[in-house]
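Visitor: Here is a sequence together with a model predicted from it:
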Amino acid sequence: MKKFLLSSWLKIMGIAAASGIAYENNQLILVSDTGNALYHYFIENDSLSVHSLDNKPIEHHQHKDHKYDLEALTIVDNTWYAFGSGSKPNRNTAFYFNKFSKYSTPMDLTDLYDEMKVFSELSEQDFNIEAALHHNDNWYFLNRGNGPENANYLFVIQGRNFTDDFNIYYFKFDLPPINDVSSGFSAATLHNNTLFFLATAEDEESTYDDGEIKGSMIGAIDLKKMKLLFTEKISDTHKFEGLTIVEQDKKKITFALCEDADDATNTESVVYKLEVELKSRVK
């Protein structure tokens, strides 16, 4: 058992359903799975800048049948990457956004996602990317196991690009249920060679439809050994979908978490802090 402390930290007006979060220089970058926007929040002066990722008018609430379903956000050098989940054909788009020029470029990930499904023998009903990370020239994609097969897969993508020069490896992880409901990856971040992840449970076996929220857990994977190090339930009521590191030392890590409350009327996002004490097995 690891000790943890979960507390609310910030309320950000203007974000409907935060599904991805990153932190740098006392700033938060967020995306929502309901819109086409990238949100840039300045903590010190409580201000928010909003940018269109597809260079179209900003929509905070796109229709479910047409939304990009942006579920994964990560920072690589001076670029912020947002990835669609791939759970439907219209959700195969990613965007990379230069933080200096504020210019966004789309990427079509259809070929990559199709190859990931073929290689792992995942059906359309089981494919749902919820996190993407870059580490040591590899990309890591986490598939949320909220489909019929409960397929919590960690994909490793090696190569020069996502279109025609890549290799795919994958590893399956058996996660414990939360309140007697199967759990699935929902976010991830990196600390050295350890991948910390969030997993959530909903009482619905679908990558498309939302179900009753049953809670969230945090866990860790050793990327060198591809070994599950620990899991710990952190909530019975929250559906956490974003994870990033805010502070760290040898004894503990402080994460920032964002959540998707599955409420179409929501106009603000609550960001939480989670302090996790580390043991020697997590380095």
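Guide: Good, I have the coordinates.

Visitor: hang on, isn't Ser7 packed against Leu257?
Guide: No. Distance between Ser7 and Leu257: 10.3 Å, which falls outside the contact criterion (Cβ atoms under 8 Å). To be clear about C-beta, it is placed using only N, CA and C from the backbone, and glycine gets the same treatment.

Visitor: neighbour count winner among those two?
Guide: Neighbour count, other Cβ atoms under 10 Å: between Ser7 and Leu257, Leu257 has more, with 26 against 8.

Visitor: Let me know the secondary structure of the more buried one.
Guide: Secondary structure for Leu257, judged by DSSP: H, G, I helix; E, B strand; the rest coil, is strand.

Visitor: so what's in contact with Ser7 and Leu257 at the same time?
Guide: Tyr272, Lys273 (Cβ atoms under 8 Å, 6 or more residues apart in numbering).

Visitor: With Phe197 as the reference, measure out to Leu228.
Guide: 10 Å (Cβ to Cβ, to the nearest Å).

Visitor: joint contacts of the two?
Guide: If you check Leu228 and Phe197 against Cβ under 8 Å, 6+ apart, the residues they both contact are Gly219, Ala220, Ile221.

Visitor: What are the boundaries of the strands in the stretch 101-250 of the chain?
Guide: Here the stretch 101-250 of the chain has its strands, by DSSP state E, counting those that start in this stretch, at 104-108, 129-135, 138-143, 153-159, 166-172, 183-191, 194-202, 213-222, 227-235, 240-248.

Visitor: Switch those over to JSON lines; also include mean neighbour count and distance to Ile29.
Guide: As requested, these are arranged in JSON lines below (neighbours: other Cβ atoms under 10 Å; distance: least, Cβ to Cβ, whole Å):
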{"stretch": "strand 104-108", "mean neighbour count": "15", "distance to Ile29": "13"}
{"stretch": "strand 129-135", "mean neighbour count": "23", "distance to Ile29": "14"}
{"stretch": "strand 138-143", "mean neighbour count": "23", "distance to Ile29": "18"}
{"stretch": "strand 153-159", "mean neighbour count": "19", "distance to Ile29": "22"}
{"stretch": "strand 166-172", "mean neighbour count": "15", "distance to Ile29": "26"}
{"stretch": "strand 183-191", "mean neighbour count": "24", "distance to Ile29": "13"}
{"stretch": "strand 194-202", "mean neighbour count": "25", "distance to Ile29": "17"}
{"stretch": "strand 213-222", "mean neighbour count": "22", "distance to Ile29": "21"}
{"stretch": "strand 227-235", "mean neighbour count": "17", "distance to Ile29": "23"}
{"stretch": "strand 240-248", "mean neighbour count": "21", "distance to Ile29": "9"}
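
Visitor: And Asn26, how close does it get to Ser8?
Guide: 18 Å.

Visitor: Please read the previous query as pertaining to Pro106.
Guide: Pro106 sits 34 Å away from Ser8, going by Cβ to Cβ.

Visitor: Where does the prediction get shaky in the stretch 1-150 of the chain?
Guide: 1-2 (pLDDT under 70).

Visitor: And the helices in it?
Guide: All helices of the stretch 1-150 of the chain, identified by DSSP state H, counting those that start in this stretch, fall at 110-120.

Visitor: Can you check the pLDDT for the nearest residue to Asp180 once chain neighbours are set aside?
Guide: Closest residue to Asp180 apart from its sequence neighbours, by Cβ to Cβ, 6 or more residues apart in numbering: Lys214 at 7.9 Å. Model confidence at Lys214, given as pLDDT, is 93.
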